[in-house]
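Novice: only geometry, no sequence info:
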């Protein structure tokens, strides 16, 4: 296990995270830590209320500092001490399997992400969160203090997983008709930040309106922004775009907040067919735009514009 980071696979059509850890403790001890609600408070991200039997209902209660509001429900699906503990958490299924390994044991933990492609968008933030939780589990078993707050370094871990899982990539779609417009498309997870908060970061100190120029953070140096054509705070911003002095369609930001799935931005840039040769450069620029915007939503403002990163990405989009 030289690389302890998560893998993202698809099992029976469901995107699934897989982690593996080794503990220098017998299975019986680790079993209690992962299945006893009282011991789970040391590492699990919510307080768990349940009975340890198949079919038992579960409640997951988050503390006041958690970004998630509400109490989620679930159900115990499998209990096989000290080997397997599996349960449903909201729309997801978590499975913990303990395998004897010498004087210790290995944990194989899978998290099946519900809601298909939309659930997959959050795989990076979920993996980064579990990394911190599993670090806390190790410390609890070893009866030591966690060397640093599991939240420390979360952004770097999440960005590494976004890259590893290919979640930063955009797509280009063309219609079936000759000379159809090309639609550049990105969907990016923004964790559980409220839509109002995301909107405030996007527009900074401006109040966009139809006919005015869009806020700077909604644009990038690869395009020339034109007037706003649609604005519905905190949900929608659309504006005209030019490239090389030519009208180049419209850029459209849509912020979608779901209390069970988190917040995301769905973005499209509808590019006229005659400018299709700019596709790779624009995809690269928009990807960098969303990398910077994601960091900004987590409190990290990065500048100047990383042109070298754009140049590197252009080669991958060609």
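Specialist: Alright, I've got the coordinates. Note that the structure is predicted; figures quoted are calculated from it, not measured.
Novice: From here on, just use CA atoms for contacts and neighbour counts.
Specialist: OK.
Novice: where along the stretch 201-318 of the chain do the helices fall?
Specialist: Counting by DSSP state H, counting those that start in this stretch, the stretch 201-318 of the chain has helices at residues 279-297, 307-317.
Novice: Let me see the mean pLDDT of the longest one.
Specialist: Yep, that's helix 279-297 we're talking about. Averaging pLDDT along helix 279-297 gives 97.
Novice: Which parts of the stretch 1-150 of the chain are strands?
Specialist: For the stretch 1-150 of the chain, applying DSSP state E, counting those that start in this stretch gives strands covering 7-11, 14-23, 47-49, 57-61, 71-80, 84-89, 92-101, 104-112.
Novice: just how off-centre is the shortest one within its chain?
Specialist: By that I understand strand 47-49. For strand 47-49, the distance from its own C-alpha centre to the chain's C-alpha centre is 24 Å (Cα atoms, centre = their mean, to the nearest Å).
Novice: elements contacting that strand?
Specialist: The elements that strand 47-49 packs onto, with contact taken as 3 or more Cα pairs under 8 Å, 6 or more residues apart in numbering; DSSP states H and E, are helix 37-40, strand 57-61.
Novice: Out of the strands of the stretch 1-150 of the chain, the one nearest residue 318 is which?
Specialist: Of all the strands of the stretch 1-150 of the chain, strand 7-11 sits nearest to residue 318, with 25.4 Å by Cα to Cα.
Novice: And for that closest one, what's in contact with it?
Specialist: Strand 7-11 is contacted from outside by 15-19, 123, 165, using Cα atoms under 8 Å, 6 or more residues apart in numbering.
Novice: Now do residue 16: how many residues are near it, please.
Specialist: Using other Cα atoms under 10 Å, residue 16 has 23 neighbouring residues.
Novice: Also residue 246?
Specialist: Residues lying near residue 246 (other Cα under 10 Å) number 10.
Novice: beta partners of it?
Specialist: Taking DSSP bridges, one finds residue 243 as the beta-bridge partners of residue 246.
Novice: and the gap between it and residue 138?
Specialist: Taking Cα to Cα, to the nearest Å as the measure, residue 246 falls 58 Å from residue 138.
Novice: go on, residue 61?
Specialist: Applying Cα to Cα, the value for residue 61 to residue 138 is 22 Å.
Novice: neighbour-wise, which of these two wins?
Specialist: Legend: neighbour count by other Cα under 10 Å for residue 61 and residue 138, higher for residue 138 (22 against 18).
Novice: Please work out which of the helices and strands packed on strand 47-49 is packed deepest.
Specialist: Greatest average neighbour count among the helices and strands packed on strand 47-49 goes to strand 57-61 (a mean of 18), per mean count of other Cα atoms under 10 Å.
Novice: Give the partner strands of that one in its sheet and their orientations.
Specialist: Strand pairing for strand 57-61, determined by DSSP bridges: strand 47-49 (antiparallel), strand 71-80 (antiparallel).
Novice: ok so, going back, by neighbours, which of the contacts of strand 7-11 wins?
Specialist: Across the contacts of strand 7-11, the neighbour count under other Cα under 10 Å reaches its highest value at residue 123, namely 26 neighbours.
Novice: Let me see the contact set for that one.
Specialist: By Cα under 8 Å, 6+ apart, the neighbours of residue 123 are 8, 17, 113.
Novice: ditto for residue 273
Specialist: Residue 273 neighbours (Cα under 8 Å, 6+ apart): 179-182.
Novice: show me where the stretch 151-300 of the chain has strands.
Specialist: 171-174, 182-189, 224-232, 236-243, 246-258, 262-271.
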